[in-house]
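A.B. asks: Pasting the sequence and the predicted model now:
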Amino acid sequence: MQHKNIWMVLVLVFAGIQLSACQKTAAERPTEHPVTVELIEGSELSRVFLTEKAMERLAVRTDKVGEARSQKTVPYSALIYDTHGKTWVYTSPQERMFVRHQVTVDRIEGDLVYLSEGPPSGTVVASVAVAEIYGAEFGIGH
């Protein structure tokens, strides 16, 4: 009977060592940051890069700057206002990269914003999770 107890103790000790080794391996893995912010030289603006996982978690969606009645348009959800009252959209010059672009709103009709100043028609802009991208750019909530 005692011989079986010794084997049981040895099995449990060996299993514990194996589990602790797994935990150390997981803890030593480098963590990929969901966002990287890179200052644009000669500017007060930054490029915000999101990982694929961050894009999924935030459910980021994009639209293109359109044109209606010879004015540029964006979805209302694309707008973000800064603490000084300036109005911005986040353009997306390449996949998972976002850059703030100041806009001037002429008027808002329902979910459509008519711009008197803004990025060219056809420019890709973030239209969902804009506040989260803004927060990522300025480190809000980190």
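C.D. replies: All right, it came through fine.

A.B. asks: residue boundaries of the helices in the protein?
C.D. replies: 2-28, 52-58, 130-138 (DSSP state H).

A.B. asks: And the ones you listed, which one averages the lowest pLDDT?
C.D. replies: When the helices of the chain are ranked by mean pLDDT, helix 2-28 comes last with a mean of 52.

A.B. asks: and stretch 55-68, which residues are buried?
C.D. replies: Neighbour-count burial for stretch 55-68 flags 58, 60, 62-65 (criterion: 16 or more other C-beta atoms under 10 Å). Where C-beta positions appear, they are placed from N, C-alpha and C, glycine not excepted.

A.B. asks: Now do the longest strand anywhere in the chain: everything it contacts.
C.D. replies: Longest strand in the chain, counting residues (DSSP state E): strand 97-109. By C-beta atoms under 8 Å, 6 or more residues apart in numbering, the surrounding residues in contact with strand 97-109 are 40, 45-50, 71, 74, 76, 79-80, 86-93, 113-119, 123, 125-126, 133-134, 137.

A.B. asks: change it to 6 Å
C.D. replies: 45, 47-49, 86-92, 113-119, 126, 133 (C-beta atoms under 6 Å, 6 or more residues apart in numbering).

A.B. asks: do the same with stretch 111-128
C.D. replies: The contact list for stretch 111-128 (C-beta under 6 Å, 6+ apart) reads 61-65, 67, 71-78, 89-92, 98, 101, 103-107, 133.
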